[in-house]
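**Q** give the three-dimensional model of this entry:
(chains A and B, ligands or ions: 2)
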Amino acid sequence: MNIFEIKHATKVFNQVEVLKDISLTVSEGEVVSIIGPSGSGKTTLLRLATFLERMDGGTFSYMGEPAIVEKDGGYSYVSKHKIKQLQRYFGLAFQNYNLFPHFTVMKNITDAPIKVLKRNKEEVYEEAKALIKKMGLEGKEDAYPSQLSGGQCQRVAIARALAMKPKILFFDEPTSALDPEITQEVLKVIRELAAEKMTMVIVTHEMFFAKDVSDRIVFMDKGVIVDQGTPEELFNSENERTRAFLGQYYNM
Amino acid sequence: MSMQLILTKLLLGMGVSVQLFVLTLVFSLPLGLVFSFGRMSKNPIISNITKVYISIMRGTPLMLQLFVIYFGPYYWFGFTTSTGYRFVAAAIGFVMNYAAYFAEIYRGGIESIDKGNYEAAQVLGYTKVQTFFRIIFPQVIKRILPSITNEVITLIKDTSLAFVIGVSEMFTVAKAITSATKSVGAYVIAAIFYFVFNFIVAFIMGKLENKMGYFERESAE
Ligand SMILES: Nc1ncnc2c1ncn2[C@@H]1O[C@H](COP(=O)(O)OP(=O)(O)O)[C@@H](O)[C@H]1O
Ligand SMILES: [Mg+2]
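**A** Ligands and ions are numbered 1, 2, ... in the order given. The predicted model follows:
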């Protein structure tokens, strides 16, 4: 089953087309990594998929439910109410975490399930405790984000997203702000999620991680998907641009 | 006039000052928030009207505003107002004036909050109202509390301006006692009262600021 599908997506900023006809399908349990040089439109693609930015062309859907429908010969977004429902299908881990600074770790994780999903408080707390354990954050329940390292913050952000029980989790360069050792602790939890068959789309610059965690790697450049395939296919690609991009990493 | 009588009169005056102080805060703090929304409104008519209002309130003397509110009904509409209106006029004037100052403080605070908070809240499905009151506003309060404290301290002293429209607050009383007793003793006592009032308020605000220090100003990184 397709969890997420985006077709012919375009996005224009100040008359510059930063996404040109992007199509991507993610099926259940699949881990897709998106790689590509800075400025190629990776963040913009995730922002379209998460309703943080409006598309200028194309359509997308979650679980077969469209976010954009044909209407009066054109395309338009579905109702606000319907968008709220679609929002429950995905979670997003931001590049700079965007934790709520005035909430403790526990509250960052439990507030939305309780206040947005109106779920039972005790149940949510039990689940949050399990998530905290899974993320290796035991003992940090009552800490504020300012008291945590970057790696811990990103793991809280991942737990906060998971607490909403999304069908798919998007990551925007989850480790780009982190030191190499701390990067590994975040990648470890993402690997564990992959092993549990969590559906994920991960924008990353960690090539070796992408290679061994992904079912499929998508290479984007200048607003288009240049190449994609299994890690083996991509790392042995004949495509000139793919080879040039990956070459930078091998020469390091 | 006996010392006891002087003290009693001054204390009654102080009671009026405190009432004015409390009423002003109770109404101008929420009203200021409403004005700050108006000022930040995407609707240009609303934002411009609020902008002009705020600049008039901040750009003209409070004393003059009190005169306009107190004498306005009579000169413009021919209403005769009762003496009770003095206090009401003073309260309205202070609320309108302080709300304008608070509006600008709120606006500065709201605009200083990292946009990432809104985006994270949106992705998690919070409504606009939840996002503001659960996520944004608590951070705003912490950030603006020092500026609010400044205004609150100023307000204590400003309440003496109600004297110009004959409200029998502490300064008005002190002045009356001084002319009756031909001695500045009442002024000295009034000064001590203002100072003590200030001290108490500063102490309470300091406690509040400490309480808000539970999380650091910026999130990590
Ligand atoms: N809000 C915006 N306004 C204007 N231009 C933007 C905005 N967001 C992104 N861009 C531009 O779109 C292009 C793609 O950016 P982005 O999606 O962030 O790329 P990536 O994440 O791959 O580095 C860049 O040229 C960037 O400058
Ligand atoms: Mg990016």
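**Q** tell me where chain A has helices.
**A** Read by DSSP state H, chain A holds these helices, from start to end of the chain: A:42-49, A:80-87, A:105-115, A:121-134, A:150-162, A:180-195, A:207-213, A:231-235, A:240-250.
**Q** got any ranges where chain B has weak pLDDT?
**A** Within chain B, the set of residues satisfying pLDDT under 70 comprises B:216-221.
**Q** would you point out which residue is most central in it?
**A** By CA atoms, centre = their mean, chain B has its centre lying nearest to B:Y98, at 4.2 Å.
**Q** same for the host helix or strand of that one, what does it pack against?
**A** Take DSSP states H and E as the rule and B:Y98 turns out to sit in helix B:84-111. On a contact count with 3 or more CB pairs under 8 Å, 6 or more residues apart in numbering or on different chains; DSSP states H and E, helix B:84-111 meets helix B:3-40, helix B:44-59, helix B:62-77, helix B:137-158. (C-beta placed from N, C-alpha, C; glycine too.)
**Q** including mean neighbour count, could these go into TSV?
**A** As requested, those are exported to TSV (neighbours: other CB atoms under 10 Å in any protein chain shown):
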stretch	mean neighbour count
helix B:3-40	18
helix B:44-59	14
helix B:62-77	15
helix B:137-158	17
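**Q** and of these, who's closest to ligand 1?
**A** Each of the helices and strands packed on helix B:84-111 was scored for nearness to ligand 1 using CB to the nearest ligand atom, and the closest is helix B:3-40 (20.1 Å).
**Q** quick one, that closest one and helix B:137-158 angle?
**A** Orientation of helix B:3-40 against helix B:137-158 (axes from the mean of the first three to the mean of the last three CA atoms, to 10 degrees) gives an angle of 140 degrees.
**Q** what does the stretch 151-252 of chain A have sitting close to chain B?
**A** A:C153, A:R160, A:M164, A:A177 (CB under 8 Å from any CB of the partner chain).
**Q** same thing but 7 Å
**A** Taking CB under 7 Å from any CB of the partner chain as the contact definition, the stretch 151-252 of chain A meets chain B at A:C153, A:M164, A:A177.
**Q** so which of the residues you listed wins on neighbours?
**A** In terms of neighbour count, A:C153 stands highest of these at 25 neighbours, by other CB atoms under 10 Å in any protein chain shown.
**Q** ok, the residue nearest to that residue when sequence neighbours are not counted - how many residues close by?
**A** With CB to CB, 6 or more residues apart in numbering or on different chains as the measure, A:Y97 is the residue that lies nearest to A:C153, at 4.5 Å, once sequence neighbours are left out. Other residues within reach of A:Y97, judged by other CB under 10 Å, total 25.
**Q** which residues touch A:Y97?
**A** A:Y97 makes contact with A:C153, A:Q154, A:A157 under the criterion CB atoms under 7 Å, 6 or more residues apart in numbering or on different chains.
**Q** reformat those as CSV; add pLDDT and distance to ligand 1.
**A** Conversion of the contacts of A:Y97 to CSV gives the following (pLDDT from 0 to 100; distance: CB to the nearest ligand atom, whole Å):
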residue, pLDDT, distance to ligand 1
A:C153, 96, 20
A:Q154, 96, 17
A:A157, 97, 18
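**Q** let's have those in CSV, adding distance to B:A89.
**A** Compiled in CSV, the contacts of A:Y97 are given as follows (distance: CB to CB, whole Å):
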residue, distance to B:A89
A:C153, 53
A:Q154, 57
A:A157, 53
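**Q** A:E127: which of the residues you listed is nearest?
**A** Sorting the contacts of A:Y97 by how near they are to A:E127, with CB to CB, puts A:A157 at the top with 16.5 Å.
**Q** indicate the residue of chain B located nearest to ligand 1.
**A** When you check chain B against ligand 1 by CB to the nearest ligand atom, the closest residue turns out to be B:K115, at 10.8 Å.
**Q** residues near that residue, how many?
**A** Counted with other CB under 10 Å, the burial measure for B:K115 works out to 8 neighbours.
**Q** same thing with A:D227?
**A** Here the neighbour count serves as a burial measure; for A:D227 (other CB under 10 Å) it reads 23.
**Q** pLDDT score assigned to it?
**A** Looking at A:D227, its pLDDT stands at 95.
**Q** which ones are touching it?
**A** Neighbour list for A:D227: A:F219, A:L234, A:S237, A:N239, A:T242 [criterion: CB under 7 Å, 6+ apart].
**Q** and it, how far from ligand 1?
**A** Between A:D227 and ligand 1 the computed distance is 15 Å (CB to the nearest ligand atom, to the nearest Å).
**Q** who does that residue bridge with?
**A** With DSSP bridges as the criterion, the beta-bridge partners of A:D227 are A:F219.
**Q** coming back round to it: turn the helices of chain A into CSV, columns for distance to A:E30.
**A** CSV is the format used below for the helices of chain A (distance: least, CB to CB, whole Å):
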stretch, distance to A:E30
helix A:42-49, 15
helix A:80-87, 19
helix A:105-115, 25
helix A:121-134, 21
helix A:150-162, 17
helix A:180-195, 10
helix A:207-213, 11
helix A:231-235, 13
helix A:240-250, 20
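**Q** can you flag the weakest of these by average pLDDT?
**A** Within the helices of chain A, the least confident segment by mean pLDDT turns out to be helix A:240-250, at a mean of 88.
**Q** what lies in contact with that one?
**A** Taking CB under 7 Å, 6+ apart as the criterion, the residues outside helix A:240-250 that touch it are A:P37, A:M207, A:F219, A:D221, A:V226, A:D227, A:L234, A:F235, A:S237.
**Q** show me which of those are buried.
**A** Among the contacts of helix A:240-250, the ones that count as buried by 16 or more other CB atoms under 10 Å in any protein chain shown are A:M207, A:F219, A:D221, A:V226, A:D227, A:L234, A:F235, A:S237.
**Q** closest to ligand 1 out of those?
**A** Compare each of the buried ones among the contacts of helix A:240-250 with ligand 1 using CB to the nearest ligand atom and the shortest gap goes to A:D221, at 9.1 Å.
**Q** against A:K20, how distant is the closest one?
**A** Counting by CB to CB, to the nearest Å, the gap from A:D221 to A:K20 is 11 Å.
**Q** contacts only, for residue 163.
**A** Since no chain was named, I'll use chain A. Contacts here follow CB under 7 Å, 6+ apart; on that basis A:A163 touches A:I109, A:T110, A:A112, A:P113, A:E127, A:A128, A:L131.
**Q** not what I meant, chain B
**A** Contacts for B:F163 were tallied using CB under 7 Å, 6+ apart; they are B:E169, B:F171, B:T172, B:K175.
**Q** I'd like the distance between A:M207 and chain B.
**A** Per CB to the nearest CB, to the nearest Å, A:M207 is found 24 Å from chain B.
**Q** which one is that residue nearest to, not counting chain neighbours?
**A** Once its chain neighbours are removed from consideration, A:M207 has its nearest residue in A:Y249; the separation is 4.6 Å (CB to CB, 6+ apart).
**Q** give me the neighbour count for that neighbour.
**A** As a burial measure, the neighbour count of A:Y249 was computed by other CB under 10 Å and equals 13.
**Q** now the helices and strands packed on helix B:84-111 in CSV, with distance to A:Q85?
**A** Written out in CSV, the entries for these read as follows (distance: least, CB to CB, whole Å):
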stretch, distance to A:Q85
helix B:3-40, 29
helix B:44-59, 32
helix B:62-77, 51
helix B:137-158, 27
